Every structure is written in C-alpha cells, then in structure tokens.
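K.L.:
This is the structure alone, sequence omitted:
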Ligand code: SF4
Ligand code: SF4
C-alpha cells in the first residue's frame, strides 16, 4: 500500500452521513438560539431597549435557574434532587441571585421610563405591558424583602454575600423589625413571593408574557431560506388554493410567528411605507392577523376561516410593501412580513383576481411582451445599437453571460447605463455575450406581484436558453435580476455562479483600465445602497470600492448599509400608482439633500429611475443628478 493511499479518509458510513445531514439541518437553529435567544444580538441593535431587555432576560433566566435548583433541593420532585450548593459555591449562588434580581429591577425601571416618559413613536402600550412589568418588578422586590427577613432572623456570618438582602435587612432592623418578628413575616412573604411568581407563570398564555415561549420557538423554527428568496409554490398546476386569503391558510409556522410578535414596533420604525405615511405597517399586518387567529379560538364559526380581505385588510393593503426587507432584518423574533405580503398577493393575483389596475396592467405586459414596460419583445436589443454586442447562439462559449434585464433593455435612462457597462467590459477585454432575444424577464416583478405562474414560466424559459450555451458565470446589472438568478433560480435546478456587476468589476481589477486623466464626476457624491444588493445580498463594499477606484469617496447617507432606506421601487411598487403625498422616493431624495450631495450614485436600475423621478418632480435637476456606478467608471476610462 502506498503512503498516499494510507492518507485517504475512510469512506463515510450511512450512519455518519445521516449524522452530518442532521447536524447541517440543526446547526443554524442551534446557532440562532445561542446568538439571538441567549445572546440577544438582534435586540441589542437598539441600545436602550436592547440593554433593558438583556437585563430583564438574563435576570429572569438566572433567577429561574436558581429557583429550580432551590426547589429540587427541597425534595419536592423526588427522585429529581439536586444537592444545594455548599460552602463557597453557596456564597456565589447567593451573590448571583442578588445580582440577577438587581438586573431585573434595573431593566424594568428602564422599561417604565421608556413607556411613560421617552415614549418612542413606534412603541404601542397595552394593559399587559404594564401588567408584565409590574409583576416582574414585584417578584424581585418581594424576594429581596423575604431574603432580608431570613437574614435578620438567622443572622448568618455570610450575610454580606447577599448585598441587597443584607441592605434591606439593615433597613428593616433600623425600622424596628426584630429577629422574632422577621421569622413570622418570613413565612407570609415566602408564600406571597411564590404566589406572585405562580400567577405570572399562569398568565403566560394570556398576556404578552407568551413571548417567553413563542419567540424563542419561532427563532428556532423559522424557515431558513436565503434572505432574498421567496418560497416556491411546488406543483403549482395541482395546487387547489394559491396564496392565502384566510388566516387558517397560513402555515403553522407562520401562525406561530404571529404569536411570537412582541409588538415592539421595530419593523414599523424601519418600514419605508409606514414612514412615508402610507396606511400600512408590517406590525399592523402581523398583529391584526394574530388577533383574527386568537379571536377564532374556541368558536364554532372561526373567523380565521373567513376571507381577510374586506374586514381585516383592504384590497390594496398588501400592495404598499416594497419588499425592501428592512423589517425582516430588524425583527428580534425573526418574523418575515414579506412572506405574508407575497402570500396575500398570490391569493389576489391568482385566486380572487382582485389586484390594483396598475398591477394587472404590468402583469399583462410581462405576460405578453416579456417585460413590465410592455414594449414589444422584438425591441429587446435596440439599446445595444452600434455596440457590436455578441449574441450567444446555442453551442457558443463565453466567460461571462451578461444578463441584461428588462430595465436596461427597455428604460431609456437605463439603456445608457447598459451601454456604459458594455464599454467597461470591452475596454477590459472581457469575453462576454448576451442571450439576446432568448433572454426574457427574470420574473422577479411577477413573483413579487404574486403571479407565481408567470415567474415559474420565465425562470424555466431563461434557464432553458442558458442551458444551450457554455459560460463560467452570469453577471447582471440589476440587483433584482441578480437576487432572482442567484437565490431563486436554484429552486429550478440552476447552479450557475451569479455576480452583480459591481462584484465582477472589482474582481476584474478594473483600476488598471482607469486613468487619472479621465473625466472625474464633479461635486459631492453619495451612494445609495439598493435593498436587493445590500440587505438581501450583503454587497455593501464592492460599489464603494469601485467609486474609490474612480477617485470618488462617497459621502455616506445617514441611512446606509444595512439600515439603508428603500428608493420605493421594489416589490412591484415602481408600477403602482401612488399618492403623491406618500412617495418613498421623495423621502429618500431628502436624505441625499441633507448631506448636500450633487450626485447620487446607485448600482440598481430601479433606484436610478426612482431617484430620477423624484429629482424631476421636485424640479431639482439643476442641483442634483443620479448616476449609475458604471457611468461614473466609464468617465474615468483611459482614452
Ligand atoms: S419589506 Fe420593507 S416595505 Fe415591506 S413591510 Fe418590510 S419594511 Fe415595510
Ligand atoms: S413583527 Fe417583529 S419587529 Fe415587528 S412588532 Fe412584531 S416582533 Fe417587533
């Protein structure tokens, strides 16, 4: 046997494979449990409520563990017995329990201050918020007094190890409580303490305290798709109900997620639709659905079996979401309102047919012409006149398949961007080509407008065309196409490497083709993070690095990176008629004006259109312009 042969790993047994598969499945849930339940990482993203909740959570957790140890020591649950810590361990036990009690009291005090005095706009207060806080305050307060009477009556030498209990004991003694009186009081307090704790436990299912159980459960059980991926309707031709029109049609995991909602309002605080004044909020979406679910419990004619449109939500409700994903990333309970929005839209688009007229028009355009603009499909290549673009035919090979996308092919402003991008590729001698007339809409808009049929047809059509040529990677210009091809086409068996053009150009080392003598964009430039590039695909640095390559260091907008504010064009919103008073793009333009930008750079055709529209409707064309990064780079090309 050769030395090489002896180093070969032993083939995995079926048992090992099963174990590995089980671990691969369970590890994200375990990770989320440690990071988001125990570590409270997402909750801590907002400092004040984060620290407040962290203290209450860990204070309560430690107290519960300590109490369980204490109870098991009492032989109440024989044969499950724990020997109570003795000696030094007992002293630490006492100290830790005191610290935990203080943590609860500090956290609860912060919570009262927040609800009574700070009162953030997004925070709704209901009776059970005060109930939960009062009970949480009462338990450690009674606990400390109980402990004090114990210390006062027994006067142990270690009483300093219970600093708060000791302090209260000294106070009670100063007030005239004798050791004999303390013994009598101790029993009353002990049972009161236990009684209040039991009432709190018993009220968990009926109050906000249910989140102690439901939220960790949802964090563990929430679907683990890629962030930008919408669930596929499998066997769509055989499905009896498409989408969700009744609460009872949501999956059991979704119903759990509604019950896991803390009503904290973080989603609402980040939602561009709510912030812009639309009659919509992801929190309301979740809370109203939950209420409908709760109202149905134990009734003979459950409301959850009745249609939600009309009584609970207007027909236009779900169409106000831009699917920007800001709420998903903020929610400490890992609830995904976009899933509910898409489910409701699917019902309206495919089952009831009650969709806004502009949605119906766009879907018809996509169906007939293969693009939401409704421009004849035979015009798909007009943008490239004179560029000598290589159209890949079946059997052809190229390094890069440039997936042009509908916006670049049909929108006049974005056609210029596509031309700039092609110039960059040509300058860098990239071996690339396009699908030409075999390319059709990636289906993203149709899918987010609820028409899963159309999406699936287009996905299969594009993949069929791609299967006939050979290439190493797909490069897209539009983050929406990018997200769909990268995260959603694998649902149809695609395994292609997909890159956004900013990633690709950076990898290409484009700087060698740029020249300091090229035209530099003048003025203060800022960069707007597209939701589908940033939040959904974590591409934050590549666009910024490219701008630096072009000698433009962007001034950051106040809402940037993960906290970027949507342009208002995603999720099919670009095609919807909106109230001029609630336009999201006008708000986002306000951010750019706030930093006194002369140029807004984007890397998304939808963002470009939305900014352009806002600039024009505000009459600010002289003051501010919007450019794609490809255009900024093209100017710097060496001549
Ligand atoms: S995805 Fe964006 S627009 Fe939709 S509910 Fe969430 S935050 Fe609001
Ligand atoms: S959905 Fe999430 S972020 Fe929104 S209120 Fe509920 S728990 Fe808070």
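P.N.:
Done, it's in. These numbers were taken from a predicted model, which means no experiment stands behind them. Ligands and ions are numbered 1, 2, ... in the order given.
K.L.:
List the contacts of residue 626.
P.N.:
The contact partners of residue 626, by C-beta atoms under 8 Å, 6 or more residues apart in numbering, come to 599-602, 608, 611-612, 615. Using the backbone N, CA and C atoms, a C-beta is placed for each residue, glycine as well.
K.L.:
Take those residues and lay them out in JSON lines including secondary structure and distance to residue 281.
P.N.:
Rendered in JSON lines, the data for those read as follows (DSSP: H, G, I helix; E, B strand; the rest coil; distance: C-beta to C-beta, whole Å):
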{"residue": "599", "secondary structure": "strand", "distance to residue 281": "33"}
{"residue": "600", "secondary structure": "strand", "distance to residue 281": "27"}
{"residue": "601", "secondary structure": "strand", "distance to residue 281": "31"}
{"residue": "602", "secondary structure": "strand", "distance to residue 281": "27"}
{"residue": "608", "secondary structure": "helix", "distance to residue 281": "28"}
{"residue": "611", "secondary structure": "helix", "distance to residue 281": "25"}
{"residue": "612", "secondary structure": "helix", "distance to residue 281": "28"}
{"residue": "615", "secondary structure": "helix", "distance to residue 281": "28"}
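K.L.:
which one of these is nearest residue 418?
P.N.:
Out of the contacts of residue 626, the one with the shortest distance to residue 418 is residue 608. That distance is 11.3 Å, counting by C-beta to C-beta.
K.L.:
where do the helices sit along the stretch 1-150 of the chain?
P.N.:
3-6, 14-32, 47-73, 87-113, 127-154 (DSSP state H, counting those that start in this stretch).
K.L.:
For the stretch 351-500 of the chain, give the residue positioned nearest to ligand 2.
P.N.:
Closest contact between the stretch 351-500 of the chain and ligand 2, by C-beta to the nearest ligand atom, is at residue 448 (19.5 Å).
K.L.:
what helix or strand is the residue nearest to that residue when sequence neighbours are not counted on?
P.N.:
Closest residue to residue 448 apart from its sequence neighbours, by C-beta to C-beta, 6 or more residues apart in numbering: residue 571 at 4.7 Å. Per DSSP states H and E: residue 571 is located in neither a helix nor a strand.
K.L.:
For ligand 2, what's its nearest residue on the stretch 501-639 of the chain.
P.N.:
Distances from the stretch 501-639 of the chain to ligand 2, computed as C-beta to the nearest ligand atom, single out residue 563 as the nearest residue at 14.3 Å.
K.L.:
neighbours around the nearest residue to residue 228 once chain neighbours are set aside, how many?
P.N.:
By the measure of C-beta to C-beta, 6+ apart, the closest residue to residue 228 outside its immediate chain neighbours is residue 536, 3.3 Å from it. Residue 536 has 25 neighbouring residues, counting by other C-beta atoms under 10 Å.
K.L.:
My read is that residue 536 contacts residue 484, right?
P.N.:
No: here residue 536 lies out of contact with residue 484, judged by C-beta atoms under 8 Å, at a distance of 10.4 Å.
K.L.:
Pull the contacting residues for residue 110.
P.N.:
Residues near residue 110 by C-beta under 8 Å, 6+ apart: 48, 51-52, 55.
K.L.:
Among those residues, name the buried ones.
P.N.:
Among these, those that count as buried by neighbour count (16 or more other C-beta atoms under 10 Å) are 51-52, 55.
K.L.:
Would you mind checking which of these is nearest to ligand 2?
P.N.:
The nearest one, if we look at the buried ones among the contacts of residue 110 relative to ligand 2 and count by C-beta to the nearest ligand atom, is residue 52, at 14.7 Å.
K.L.:
so that closest one makes contact with residue 114?
P.N.:
Yes: the pair formed by residue 52 and residue 114 meets the contact definition of C-beta under 8 Å, at 6.8 Å.
K.L.:
Quick check: can you list the domain ranges of this protein?
P.N.:
Described in terms of automatic domain parsing, the domain architecture of the chain consists of the residue ranges 37-211, 236-355, 366-510, 514-635.
K.L.:
export those to a markdown table and tack on mean pLDDT and distance to residue 26?
P.N.:
Putting the domains of the chain into a markdown table (pLDDT from 0 to 100; distance: least, C-beta to C-beta, whole Å) gives the following:
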| stretch | mean pLDDT | distance to residue 26 |
| --- | --- | --- |
| domain 37-211 | 90 | 15 |
| domain 236-355 | 93 | 16 |
| domain 366-510 | 95 | 22 |
| domain 514-635 | 93 | 24 |
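K.L.:
So which of the ones you listed is nearest ligand 1?
P.N.:
Nearest of those (C-beta to the nearest ligand atom): domain 236-355, 3.2 Å.
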